[in-house]
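K.L.:
Predicted model follows, preceded by the sequence.
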There are 2 protein chains.
Amino acid sequence: MLLQRVARTIGKYQMLRQGDVAGVAVSGGADSVCLAGVLRALAGQLGFRLHILHLNHGLRGAESDGDAAFVASLAEEWGLPWTIQRAELDTTHGNLEQEARRARQRFFAEATRTLGLSRVATGHTLSDQAETVLFRLVRGSGPGGLAGILPVTAEGLIRPLLEVERAEVRQWLGSQGLWWREDSSNLDLRFRRNVLRQRILPDLEEHVRAGSGRALARLASIAASEEDYWRESVEDAFRRSITGENPYIFNTIELRRLHPALIRRVLRLGLERTAGSLRRFTQEHVERLLRLVLQADGEGQAVLPGVTARRSFEWLRLAPPELERAADWAIGLPEPGRASAGPVTLEVVEDATVCPPPADGAECLYNVGRDWLDFDRLSFPLILRNLHAGDTYQPVGRDRPVKLKHLMQSERVPSWNRPDWPMIVSKGRIVWARRFGAAAWAAAGPGTRRVLRVGEVEGIRG
Amino acid sequence: MLLQRVARTIGKYQMLRQGDVAGVAVSGGADSVCLAGVLRALAGQLGFRLHILHLNHGLRGAESDGDAAFVASLAEEWGLPWTIQRAELDTTHGNLEQEARRARQRFFAEATRTLGLSRVATGHTLSDQAETVLFRLVRGSGPGGLAGILPVTAEGLIRPLLEVERAEVRQWLGSQGLWWREDSSNLDLRFRRNVLRQRILPDLEEHVRAGSGRALARLASIAASEEDYWRESVEDAFRRSITGENPYIFNTIELRRLHPALIRRVLRLGLERTAGSLRRFTQEHVERLLRLVLQADGEGQAVLPGVTARRSFEWLRLAPPELERAADWAIGLPEPGRASAGPVTLEVVEDATVCPPPADGAECLYNVGRDWLDFDRLSFPLILRNLHAGDTYQPVGRDRPVKLKHLMQSERVPSWNRPDWPMIVSKGRIVWARRFGAAAWAAAGPGTRRVLRVGEVEGIRG
């Protein structure tokens, strides 16, 4: 009965095919021993082979070693090949659970590669699923987070017991005369899990609704299906609303045309792509981004775990925090030529192609470029540097000096582009700035004999 | 602080506008007394007026009357108009909660009409929302059910306290020196509610995640927004996949072209429209319909609360159970003319337009219709009746008698159309059946002098 149900789950989600070699992650606990036993019983019928995998985290000393020995002897008894690896966990940094999870992922990936495994099966049950869904619910993961434990992951993990309840696992193990080892560890996450497992879910089953666990697990599978349905429209809306990648910059005018439910999903995808995963985000984070999108034109910021969101004019930028730290940079130009500093490369070229000055008597139009300087008014070395707070100059066409900050404001330069804004300084005075061009006093004009053209080298430009 | 938050909620969901008269449903309990007090404090600032409403269910005798008196004196003290009505609940039928809810709905609708109310406010809080969401989750309502308590309903109910926690309600009442009455009733639903309220949600808050209640409430508001986003595509897919209404008949070939997540939503809408509400359905019911849709061509049935689903060939029909009971019907036709029985109306017309028989020597083509009988072979009264089990006859073109059931099978007549299938019987023998036409022995042909044409009257046809 249990065997046939697991076989159905395997078939329904196309977990394994004939000829596959499946890794089986066995900790030594009840669920994973059951998983290995069930897969072993189904292997002939479904035509796959097994390889037992065990990672010894070594966190519980002799107990951990005992688990490893137990798994090895089980594999030997069953005549199955096995690989046991010892993980060296870095226990000095806080999050032990995260470390352990990463070590397992590395181990599975490596085993898959070296042993030629098709998939790696883990012992997650319907009961784990129910706990996960409930945990995510109260954590505030939002509807997208309800998908819970996936039957098959992108990394090639499969969960053949995902439609089997924990009680059925124990029952089956008993019926087979199989033993397992209990894990004595009580990490924080495990403690909270235990409250869900030993108090809350039983209370729900007994006093509120029998079948609560199954209802939660079913919700997960439907949520996963809805998530899949959303994917295409979200990806599409995401593409249409970003104006820049790495970091992602959204056009909030485009976003605001969408239904708020779709905006939320697009923002969630932005968080996932910026941070690499949604693990650290809750729906409240998404709501904060949504408020930044919906607010009237202007500035705003939200610092989320691993992502800093900034709103400027109609744009919203999501970036890892390290991209936020702007350092000043500068370089001297002893003579015309090319110079790079920060994310900017400039070319400063001497040029005499201005038509002859009026003194020569010839009819002549001064088609002077915005970035043309009068060579003879400049003092080398020129300095190429980024914008400093308070920078002020008087560009051509203005009747008095203005703050660069105000120029950028009126030109709608997003706040994140300002710190690296390049300018050229001659003897302590700004003679040129990107987009705003030459300072009035240093600009090429009637009487200019030698022109210095400033140009940004495209492709490297920040 | 609380006042301003409620004002924000009112504004965010456009619950009330200047000049509105809001009914306030006050049971006398803490939440509704708080609601009335808060709305009274905001009335001047937001420019609306109030009318206190109380329905005395009379279920708890003197205690109920005490509640009514309490509400009346509160309204008097506050100088607010009030209406108290006594409900006559039919307590002989099982579901008291449902009866009470319907009585309240009637009372609110009537009060809205007679008192010219814009909206009726009820005292649901964020804590009620969290309990509702959790209850629906474990009940198996699926993602669509997570919307929970809506801030504004189609019937004009509003929930201004929906972003306020129960503890804040008590605190505010205390700060205002306001009293309330505790409800001693302990209906089944209330008992289960109490487990959620007094054990499960506190456990979640304390041991699993602080802010669990708020996370669940936030989920509800996001789910409502996603629900709204789905509406259009679901309605559209619904329209495109039904081939009949009243009852709804889906083309499963069309349905199977859709993403499973969308099929589920379409089926859910079908259940809602057939039963009038989704109240009695869980996601498991939707899954059973989904299996009927996905199964290979064939027959199948699912009996759900208030809806019977039947699959036949490529169609899936959702109908209220009363439509399932097929009664036999019959009527005698003493002479040619029109006759109605069951959902069928036939016209049996004598006609001599067949070209003269060969005996007359003229060249003649017999363009005989499928529904033309030879008058002289029939014995009046003819009987018009529905299909009976085992009915057999030999239509023109067959070389032996066949069961009507097999004819219908090969003509892909859906099972629900069969019980009312009309036939005409002459002296105990079937001489005609819908679509399959005249029996070979009674059909008009060479030598027929008088024709009897059978025709169904369109527009009345079932």
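P.N.:
Arrived safely.
K.L.:
What residues sit buried inside stretch A:234-244?
P.N.:
Within stretch A:234-244, the residues that count as buried by 16 or more other CB atoms under 10 Å in any protein chain shown are A:234, A:237, A:238, A:241, A:242. C-beta here means a position set from N, CA and C on the backbone, and glycine is covered the same way.
K.L.:
On the pLDDT front, check the nearest residue to residue A:398 once chain neighbours are set aside for me.
P.N.:
Among residues not flanking residue A:398 along the chain, residue A:440 sits closest, at 6.9 Å (CB to CB, 6 or more residues apart in numbering or on different chains). pLDDT recorded at residue A:440 is 91.
K.L.:
number of nearby residues for residue A:440?
P.N.:
Residue A:440: 16 surrounding residues under other CB atoms under 10 Å in any protein chain shown.
K.L.:
so who does residue A:209 touch?
P.N.:
Listed by CB atoms under 8 Å, 6 or more residues apart in numbering or on different chains, the contact partners of residue A:209 are A:215, B:135, B:138, B:139, B:192.
K.L.:
What residues does residue A:127 make contact with?
P.N.:
A:165, A:166, A:167, A:197, A:201, A:213.
K.L.:
same check, this time on residue A:414
P.N.:
By CB under 8 Å, 6+ apart, the residues touching residue A:414 are A:249, A:310, A:312, A:313, A:315, A:317.
K.L.:
ok, so what distance separates it from residue A:300?
P.N.:
12 Å (CB to CB, to the nearest Å).
K.L.:
picking up where we left off before, taking the contacts of residue A:414 one by one, which sit in strands?
P.N.:
Among these, the residues falling in strands (DSSP state E) are A:249, A:310, A:312, A:315, A:317.
K.L.:
The nearest residue to residue A:445 once chain neighbours are set aside: how many residues sit nearby?
P.N.:
For residue A:445, ignoring the flanking residues on the chain, the nearest one in space by CB to CB, 6+ apart is residue A:368 at 6.2 Å. Close neighbours of residue A:368, defined as other CB under 10 Å, add up to 18.
K.L.:
All the helices of the stretch 201-350 of chain A, residue numbers only.
P.N.:
For the stretch 201-350 of chain A, the helices defined by DSSP state H, counting those that start in this stretch cover A:201-203, A:212-241, A:252-256, A:260-275, A:283-294.
K.L.:
Just the angle for the longest one relative to helix A:283-294, thanks.
P.N.:
Just to be clear, that refers to helix A:212-241. 30 degrees (axes from the mean of the first three to the mean of the last three CA atoms, to 10 degrees).
K.L.:
So which bits of helix A:212-241 are buried?
P.N.:
So for helix A:212-241, counting by 16+ other CB under 10 Å, buried means A:212-227, A:229-230, A:233-234, A:237-238, A:241.
K.L.:
which helices and strands does the helix or strand harbouring residue A:112 pack with?
P.N.:
In this assignment (DSSP states H and E), residue A:112 forms part of helix A:96-115. In terms of contacts (3 or more CB pairs under 8 Å, 6 or more residues apart in numbering or on different chains; DSSP states H and E), helix A:96-115 is packed against strand A:21-25, strand A:49-56, strand A:82-86, strand A:119-121.
K.L.:
These: which one's closest to chain B?
P.N.:
Of all the helices and strands packed on helix A:96-115, it is strand A:119-121 that lies closest to chain B, at 22.9 Å by CB to the nearest CB.
K.L.:
Show me what the closest one is packed up against.
P.N.:
Using 3+ CB pairs under 8 Å, 6+ apart: strand A:119-121 touches strand A:21-25, helix A:96-115, strand A:157-158.
K.L.:
Least confident of those, on average?
P.N.:
Among the helices and strands packed on strand A:119-121, helix A:96-115 scores lowest, with a mean of 89.
K.L.:
quick one: it to strand A:21-25, angle?
P.N.:
160 degrees.
K.L.:
before we move on, the earlier item: can I get the helices of the stretch 201-350 of chain A in CSV with distance to residue B:292 and mean pLDDT?
P.N.:
Output for those, formatted as CSV (distance: least, CB to CB, whole Å; pLDDT from 0 to 100):
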stretch, distance to residue B:292, mean pLDDT
helix A:201-203, 31, 93
helix A:212-241, 17, 91
helix A:252-256, 40, 94
helix A:260-275, 29, 94
helix A:283-294, 35, 94
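K.L.:
what is in contact with residue A:414 and residue A:300 at once?
P.N.:
Between them, residue A:414 and residue A:300 share the contacting residues residue A:310, judged by CB under 8 Å, 6+ apart.
K.L.:
how far away is residue A:87 from residue A:28?
P.N.:
Distance of residue A:87 to residue A:28, computed by CB to CB: 15 Å.
K.L.:
If you count surrounding residues, which of these two has more?
P.N.:
Remark: of residue A:87 and residue A:28, residue A:28 carries more neighbours, 22 against 18, as counted by other CB under 10 Å.
K.L.:
that older thread, tell me the contacts of the residue nearest to residue A:398?
P.N.:
A:394, A:395, A:396, A:397, A:398.
K.L.:
So which of these is the closest to chain B?
P.N.:
residue A:398 (44.2 Å).
K.L.:
In what element of secondary structure is that closest one found?
P.N.:
Residue A:398 is part of no helix or strand, with elements assigned from DSSP H and E.
K.L.:
Just the pLDDT for it.
P.N.:
Reported pLDDT for residue A:398: 90.
K.L.:
what's the answer for residue A:452, then?
P.N.:
At residue A:452, the predicted lDDT confidence score is 88.
K.L.:
so which of the ones in strands among the contacts of residue A:414 are also by chain B?
P.N.:
Taking CB under 8 Å from any CB of the partner chain, there is no overlap between those and the neighbourhood of chain B.
K.L.:
can you list the residues you listed in a markdown table and add pLDDT and neighbour count?
P.N.:
Converted to a markdown table, the ones in strands among the contacts of residue A:414 look like this (pLDDT from 0 to 100; neighbours: other CB atoms under 10 Å in any protein chain shown):
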| residue | pLDDT | neighbour count |
| --- | --- | --- |
| A:249 | 96 | 22 |
| A:310 | 94 | 21 |
| A:312 | 94 | 21 |
| A:315 | 94 | 20 |
| A:317 | 95 | 24 |
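K.L.:
now the residues you listed in CSV, with distance to residue A:129?
P.N.:
CSV is the format used below for the ones in strands among the contacts of residue A:414 (distance: CB to CB, whole Å):
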residue, distance to residue A:129
A:249, 37
A:310, 38
A:312, 42
A:315, 40
A:317, 37
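K.L.:
Return only those of the contacts of residue A:127 found close to chain B.
P.N.:
Counting by CB under 8 Å from any CB, the subset of those that neighbours chain B is empty.
K.L.:
What's the ChimeraX syntax to select whichever of these are buried?
P.N.:
Selection of buried members from these for ChimeraX, criterion 16+ other CB under 10 Å:
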select /A:165,166,197,201,213
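K.L.:
rewinding a little: how about JSON lines for the helices and strands packed on helix A:96-115, with mean neighbour count added?
P.N.:
As requested, these are exported to JSON lines (neighbours: other CB atoms under 10 Å in any protein chain shown):
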{"stretch": "strand A:21-25", "mean neighbour count": "23"}
{"stretch": "strand A:49-56", "mean neighbour count": "22"}
{"stretch": "strand A:82-86", "mean neighbour count": "17"}
{"stretch": "strand A:119-121", "mean neighbour count": "24"}
